[in-house]
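**Q** Turn this into a structure:
(one chain, ligands or ions: 1)
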Amino acid sequence: MWEQLKSKPAFQLLEEIKRTGIVYDMQGNPCPFEDQVDHESYLALYQIMRSFKPDMSLELGFAHGCSTLYMLQGLADNGKGTLISVDPFQLTNYKGGG
Ligand SMILES: C[S@@+](CC[C@H](N)C(=O)[O-])C[C@H]1O[C@@H](n2cnc3c(N)ncnc32)[C@H](O)[C@@H]1O
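**A** The predicted structure follows:
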């Protein structure tokens, strides 16, 4: 499945993060990315979005936005749907990068 999906924009961005180990804060400053991009686990999020085709979804905790990207790619491929992502530590711990 990964072979079919890796040309999509969200997945290409994640490959770039994985390759460089760098993410950017909301001012555009580079920050080290210390988490692992676990494609197999995150693909489940993509597949959930593709299977359920929700009109509205809510993500609690998005850190650097990796899980968010997979879900958004699913919604984009569905051609519909809104994702609201919230994280009380987004501005403090992640400098708004997510
Ligand atoms: C392990 S990270 C997961 C990030 C993201 N879902 C991913 O997999 O890429 C957990 C996230 O949950 C956030 N968090 C912690 N407490 C929370 C709360 N009460 N409500 C929403 N998010 C919370 C943290 O700030 C962190 O960004």
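
**Q** quick one: residue 5 and residue 47 touch, right?
**A** No. Using CB atoms under 8 Å, residue 5 is not in contact with residue 47; the gap is 10.0 Å. C-betas here are computed from N, CA, C, even on glycine.

**Q** Give me the more crowded residue out of those two.
**A** Neighbour totals were compared for residue 5 and residue 47, and residue 5 leads with 16 against 13 (other CB atoms under 10 Å).

**Q** show me the contacts for the more buried one.
**A** Residues near residue 5 by CB atoms under 8 Å, 6 or more residues apart in numbering: 11, 43, 46, 73.

**Q** can you pull the contacts of residue 64?
**A** Residue 64 neighbours (CB under 8 Å, 6+ apart): 17, 23, 33, 35, 94, 97-98.

**Q** Of those residues, which is the nearest to residue 87?
**A** residue 98 (6.5 Å; CB to CB).

**Q** which ones are touching the closest one?
**A** The contact partners of residue 98, taken as CB under 8 Å, 6+ apart, are 62-65, 68, 85, 87, 90.

**Q** From residue 14, how far off is residue 65?
**A** According to CB to CB, to the nearest Å, residue 65 stands 10 Å off from residue 14.

**Q** er, residue 34 actually
**A** Computed with CB to CB, the distance linking residue 34 and residue 14 is 15 Å.

**Q** Could you check which of these two is surrounded by more residues?
**A** Taking neighbours as other CB under 10 Å, residue 34 and residue 14 compare with residue 14 leading, 21 against 8.

**Q** The more buried one: helix or strand, and which one exactly?
**A** According to DSSP states H and E, residue 14 maps onto helix 9-20.

**Q** which secondary structure elements does that helix contact?
**A** helix 66-78 (3 or more CB pairs under 8 Å, 6 or more residues apart in numbering; DSSP states H and E).
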